[in-house]
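# Here's my sequence, what's the structure:
(chains A, B and C)
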Amino acid sequence: MHLAYPAVLSALLFCTGLYGVLARRNAILVLMSVELMLNAVNLNLVAFDVWLSRAAEETLHSGQALTLFTIAIAAAEIGIGLAIVLAVHRNRGTSDIDKLRDTAEGHGPDDSGDSEGPGDPAAPHGPGTDTPATGTAAEKAEATA
Amino acid sequence: MTTTTLAVLVPLLPFLGAAAGLLLGRTAPGFVRPLAVLPPLAALVLAVAVAARQGGGSAVDAVTELTPTGSVPVELALHIDGFAALVAVLVGTVATCVQIYSTGYLRDDPRYASYAALVSLFTSAMFLVVYSGDLMVLLVGWEIMGICSYFLVGHYWETPEARAASLKAFLVTKLGDVPFLIGLLALATEAGSFRITRILGAVAHGSLDHPTLIAVLLLAGVAGKSAQFPLHTWLPDAMAGPTPVSALIHAATMVAAGVYFVARLLPLFEASRAAMVVLAVMAAVTMVGSALAALAQDDIKRVLAYSTIGQLGYLTGALAAGDRGAAVFHLLSHGAFKALLFLAAGVIIHAAGTNSLAAMSRMRGLRDRVPDAYWTTTVALLALAAIPPFSGFFSKESVLGAAEHVATGHTEHAPGAAGWTVLVAGLLTALLTAAYATRLWLLAFRGSGAEAPDHGRQPVVMNAVLWVLALPSLALGGLTFRLLPDWFDGRDLTPTLTTSVLGTGVALVGGIVTYAAWRHTTVLAARTPLGAVAAHPEGDAGLVEAEAIASHKSAYGDVAGAPDPADPGRLLLGPLHRPAAAGFHLDAVYATLFVRPVLAGARLVRFLDREVVDTYVRAAGALPRWLGAAVRRAQTGNLQTYVSALLAGTVVLAVAAVLVATGA
Amino acid sequence: MTLATAAAHMTAAHTAAAHLAAAPTTGAPEPHGFLSPTGVEIAFLLVGLVTFGAAVVTVTTRQLVHAALWLVVALGGLAVEYLLLTAEFIAWVQVLIYVGAVVVLILFGLMLTRAPIGRSPDADSGNRWAALTVAVAAAAALVWVVADAFRTTWIDLDGPASGSTAVTGASLFQNWVLPFEALSVLLLAALVGAIVLSRRAQPDRSLTPTVSDAPRPAPSGAGPADTAGTGEKADNGPDQADSAERSEGANKANKASKDDKADKGDDR
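Alright, predicted model coming up:
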């Protein structure tokens, strides 16, 4: 089999995942796209390992070993990632990546909810921008009362 | 002490007095008056001693060079001949008198300390100019006098007239000083020295290449400082300063400095016949024009200012005739009686509460209020009108005699045309001088109408000073015209019969005609009430004068003239009255020729600066701001945007690397 | 995939004359042209098309749960590709861990964050066109470079499988045992980290047990029984509000939690 087939498929899968990471709004969808990118890398590793193990006399099967490691790390990553997304969702009431803009100019140091000011014209306002923020604030006030 | 030491102390003492006065003025007010009066007095004593030592003999020369100053050496040099010794005595006398007078005149002035210090500084600078044997050192004194004049004219800087006048005085004299400086440098370059003795030696050897150019350049500075046509316009306006300042600076000493400078370097000017003709024409125009203008002025001090310009015209006329003895002789006597006139005018203004002759002519008995000023003014006016035996007669006749001497071709010092010009203009001016002197006297002291206000007697110091100055006005000429040739060039100063008869005759004619005109017009005075009096007549003389000057324009519609039909000058001058009152509109001409182009140029420059240059500056500021705003907008806080940009850059870099690696 | 094959064909036609020179590097005795594909290659191509298509649908669909399910298809397709590449152990691991564990985790995550059922209009951010540009450019560059570099490289799939369980196990526990053990530590750390992150709200609640435990009226927009999604009462307010907001935005009827669960079941 031509090595170009798996290599090209891997490249296309990687770029598809790349598109998903850059374009998706929901953090969990972004995590799924990351998985796609990781799998593209795995495919590459496996294909090249198969090719090299046939071409060389002695081989460590490093490609397949790394693939296994990648799969394990990806599992850990998805666990941690989901935990983070859940924590963010619990605190902010949203898991939309483009609403987490605390590093932009005009945001205070506080992290109590979505603090996008109405005067920031560059920020796209989702339909639920304000309600979760006030809900979070009310919930926190209740929790500390 | 040697004569040199004495002479060095003469300018040094008032300078130290000025410095001490400025330093102690605020902390120790009690020392201010002694510090103002004593140094000039001591300087006067020393100047008299120097004059006695010098005694009209050979000139005292002393020189020391502090440090090498390049190609043409600048040295601290004294050159005391008879002229310098006597002019220094005059300066010391007038300065001392003025300082004493000022203690009374500016009794309550809050800025008296700085005023007195500036007068002392001026005195010091004037002594420096008189004694200096080095033209650069002379220039230092010359410029210090200019800046002192600026400050003192602007003493009442609260009034816009004083501010404008001080600026005008400074700028106009500076207009002459620039070519003066160029002329000095050219002269020193050609003569190889700034020393007066060396320069005169060079002139005697004929080693100057461009005497006419240098002389004309120097004449510009002289015209500015001595208020000669066409740079005389600052002097009438400078009367916005206190009267003692007018007496010292703008009548007796500083304005004479230009004439004195020409007298010192007269051989240089004689080397150029063109310069002598220019000098003569300048003198003639100045004399006649200023006398006509003096006849039309309403402000008593402006009459005296134009009179000063005219008398300085006599001095330059004498120089144009090549007779510096006559010039300095008239300088001495004029300094005495003109200082007296100004100081007396200060007393009169204080007593009358106004500086307007039209208002004074409607006051009865003003002379009884100020008897000292009345008598001394009479003496000084007679001297001004050159009536024998007052001192002005002798000095003026010596000038006219010198002019006649030249006109009749008895000398090769000056061209005959210059002599004729000076002679004719001098006689005409004598007529006009007598006329305006008479007018001044009649209007000020022979007024009719309401009783003059009584503010009590004038301070004793002021009246005493008037009598001190009245003595030389009365007797200086008659007593010394036989002695002075020993001090000067030795030329005879005795009045000649022809000019004496002619001069005295025209003066009498002028006086009588003016009296007749006054008799004719004085009837009208009662019909047209006129006049405004200072708001605080009980204040000290300086305050009254400041208020009078400030209110003249609002009360009479003009700083110079007044719409008074009872003015004999109006009848005598006829249609000439209006231009004469305005100084023949020379200010308007200057405004058209110089001021407006300069203002237009300034507006153009301002426009270019604001609209053109600033545009670049603003753009230089706006561009980074816009760039910063653009960069700031890129910081959205959206991680996906950042990662997109990062990956796009990575792709571009990778493609570029591949292309480079494959050599594509 | 069409792009890849087009590029591959183009480069193949372009460099047909160079096959003899490039062949020795592959170790194969004869050149293998693209125009004479073997059966394995055809199978690989077809499965690859399915995989890529599923991946594209995963990153473009507006139904979040569908995206997760399409991800299953893509990951399963990849497992088949591993099999075709004779890496059978990897293929089973892929099925077990990815299709079995990761996708289930993701589905739980979607549910826990109250992801809307059905089409959500705002699944893609405003960054979409920039992302598309970057992705297409990256794809073009990568495919160009990879195809150009490996256009003649041949994998000989005959002989014993290079990725059988025996071979992989031997390699893993002979040569890679230390990283393997280190990996276990990483997994432990990830486990602990995930627990810590998930329990962060615990101290707040322990401070005020009475308030949090006391029954209180639920905020507007959701039924009182709608607590299954989060499992934490303190988070009910924002979650429900968010859920209501999103459901309205999706023009879906705002229903009670049982209806939501029914929808999820349908999606599965």
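
# what does the stretch 51-200 of chain C have sitting close to chain B?
C:125, C:127, C:130-131, C:133-134, C:137-138, C:141, C:145 (Cβ under 8 Å from any Cβ of the partner chain). C-beta here means a position set from N, CA and C on the backbone, and glycine is covered the same way.

# Could you point out the longest helix of chain A?
The longest helix of chain A (DSSP state H) is helix A:62-92.

# so what does that one touch, helix or strand wise?
Contacts defined by 3 or more Cβ pairs under 8 Å, 6 or more residues apart in numbering or on different chains; DSSP states H and E place helix A:62-92 against helix A:27-55, helix A:130-144, helix C:88-93, helix C:103-112, helix C:165-174, helix C:177-198, helix C:236-249.

# Apply 7 Å and report the result again.
Helices and strands touching helix A:62-92, by 3 or more Cβ pairs under 7 Å, 6 or more residues apart in numbering or on different chains; DSSP states H and E, are helix A:27-55, helix A:130-144, helix C:88-93, helix C:103-112, helix C:165-174, helix C:177-198.

# Can you flag the buried ones in the residues of the stretch 51-200 of chain C next to chain B?
Burial by neighbour count, judged by 16 or more other Cβ atoms under 10 Å in any protein chain shown, picks out C:125, C:127, C:130-131, C:134, C:137-138, C:141, C:145 from those.

# Give me the subset of the residues you listed lying in strands.
Among those, no member falls in strands (DSSP state E).

# And those, which is closest to chain A?
Distance to chain A across these (Cβ to the nearest Cβ) is lowest for C:Ala131, with 3.3 Å.

# OK, contacts around that closest one?
A:19, A:22-23, B:644 (Cβ atoms under 7 Å, 6 or more residues apart in numbering or on different chains).

# Now intersect these with the helices, please.
Per DSSP H, the subset of these in helices is A:19, A:22-23, B:644.

# Please work out how many residues are found near B:Val506.
Counted by other Cβ atoms under 10 Å in any protein chain shown, the residues lying close to B:Val506 total 21.

# ok but it is inside a helix, no?
Yes: under DSSP: H, G, I helix; E, B strand; the rest coil, B:Val506 sits within a helix.

# Assign the closest residue to it other than its chain neighbours to helix, strand or coil.
Spatial nearest neighbour of B:Val506, excluding adjacent residues (Cβ to Cβ, 6 or more residues apart in numbering or on different chains): B:Leu431 at 4.2 Å. Secondary structure assignment for B:Leu431 (three-state DSSP): helix.

# close enough to count as contact, B:Leu431 and B:Gly510?
Yes: the pair B:Leu431 / B:Gly510 is scored as a contact, 4.2 Å apart, by Cβ atoms under 7 Å.

# Show me chain C divided up by domain.
Taking automatic domain parsing as the criterion, chain C consists of the domains C:2-198, C:202-267.

# Mean pLDDT lowest where, among those?
Note on those: domain C:202-267 shows the lowest mean pLDDT, a mean of 42.

# Tell me the one among the buried ones among the residues of the stretch 51-200 of chain C next to chain B nearest to B:Ala619.
Of all those, C:Ala130 has the smallest distance to B:Ala619: 31.8 Å, by Cβ to Cβ.

# which residues does that closest one contact?
Contacts of C:Ala130 (Cβ under 7 Å, 6+ apart): B:Ser644.

# What helix or strand is B:Ala545 located in?
One correction, residue B:545 is Glu, not Ala. B:Glu545 is part of helix B:541-556 when elements are defined by DSSP states H and E.

# And the contacts of the very next helix or strand once past that helix?
Proceeding N to C from helix B:541-556, the next assigned helix or strand is helix B:568-573, under DSSP H and E. Helix B:568-573 is contacted by residues B:292, B:295-296, B:435, B:439, B:513-514, B:517-518, B:520-521, B:577, B:580 when judged by Cβ under 7 Å, 6+ apart.

# Please spell out the ChimeraX selection for the buried subset of these.
Burial among the contacts of helix B:568-573 is assessed by 16+ other Cβ under 10 Å; the matching ChimeraX selection reads:
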select /B:292,295,296,435,439,513,514,517,518,521,577,580
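
# can you redo the contacts of helix B:568-573 as CSV with pLDDT?
Below are the contacts of helix B:568-573 laid out as CSV (pLDDT from 0 to 100):
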residue, pLDDT
B:Leu292, 87
B:Leu295, 85
B:Ala296, 84
B:Ala435, 88
B:Arg439, 87
B:Val513, 87
B:Thr514, 87
B:Ala517, 85
B:Trp518, 83
B:His520, 80
B:Thr521, 78
B:His577, 78
B:Ala580, 78
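
# The contacts of helix B:568-573 in helices, which ones?
Filtering these for helices - DSSP H - leaves B:292, B:295-296, B:435, B:439, B:513-514, B:517-518, B:520-521, B:577, B:580.

# Same drill for B:Leu431 and B:Gly510, tell me which one is more crowded.
B:Gly510 (26 against 21).

# Pull up the gap between the more buried one and C:Leu45, please.
131 Å (Cβ to Cβ, to the nearest Å).

# excluding its backbone neighbours, what's nearest C:Leu45?
Once flanking residues are discounted, C:Leu45 sits nearest to A:Tyr5: 6.6 Å by Cβ to Cβ, 6+ apart.

# do B:Leu502 as well
In space, B:Leu502 is closest to B:Leu427, 6.0 Å off (Cβ to Cβ, 6+ apart).

# where's that neighbour, which helix or strand?
Applying DSSP H and E, one finds B:Leu427 within helix B:416-445.

# model confidence over the next helix or strand after that helix, on average?
Following helix B:416-445 in sequence order, the next helix or strand is strand B:450-451 (DSSP H and E). Averaging pLDDT along strand B:450-451 gives 74.

# OK, contacts around the residue nearest to B:Gly206 when sequence neighbours are not counted?
In this structure, B:Gly206 finds its nearest non-sequential neighbour in B:Ala271, 7.5 Å apart by Cβ to Cβ, 6+ apart. For B:Ala271, the contacting residues are B:203, B:208, B:211, by Cβ under 7 Å, 6+ apart.

# rerun at 8 Å
B:203, B:206, B:208, B:211, B:215 (Cβ atoms under 8 Å, 6 or more residues apart in numbering or on different chains).

# pLDDT score assigned to B:Arg527?
66.

# who does whichever strand or helix holds B:Tyr306 touch, helix- and strand-wise?
Here B:Tyr306 is covered by helix B:300-320, with elements defined by DSSP H and E. Packing contacts for helix B:300-320, counted by 3+ Cβ pairs under 8 Å, 6+ apart, involve helix B:234-237, helix B:243-247, helix B:254-264, helix B:273-296, helix B:324-352, helix B:357-360, helix B:391-407, helix B:416-445.

# Let me know how buried B:Leu483 is, in neighbour terms.
So B:Leu483, with other Cβ under 10 Å, has 10 neighbours.

# Give me the phi and psi for it.
Dihedral pair for B:Leu483: phi -80, psi -30, per degrees, to the nearest 10.

# cool, B:Asp134 as well?
phi -130, psi 130.

# Also B:Ala77?
phi -130, psi 140.

# Name the nearest residue to it, sequence neighbours excluded.
B:Gly133 (3.4 Å).

# B:Thr377 contacts B:Ala351, correct?
No: at 11.8 Å, B:Thr377 does not count as touching B:Ala351 under the criterion of Cβ atoms under 8 Å.

# Show me the shaky parts of chain A.
A:105-145 (pLDDT under 70).

# For the residue positioned nearest the centre of it, give me its contacts.
Centroid-nearest residue in chain A, with Cα atoms, centre = their mean: A:Leu31, separated by 3.4 Å. Counting by Cβ under 8 Å, 6+ apart, A:Leu31 touches A:78, A:81-82, A:85, C:106, C:109.

# List the buried residues in stretch A:3-19.
A:3-19.

# Could you report the pLDDT at the residue of chain B found nearest chain A?
Nearest residue of chain B to chain A (Cβ to the nearest Cβ) works out as B:Gly637 at 2.6 Å. Looking at B:Gly637, its pLDDT is 78.
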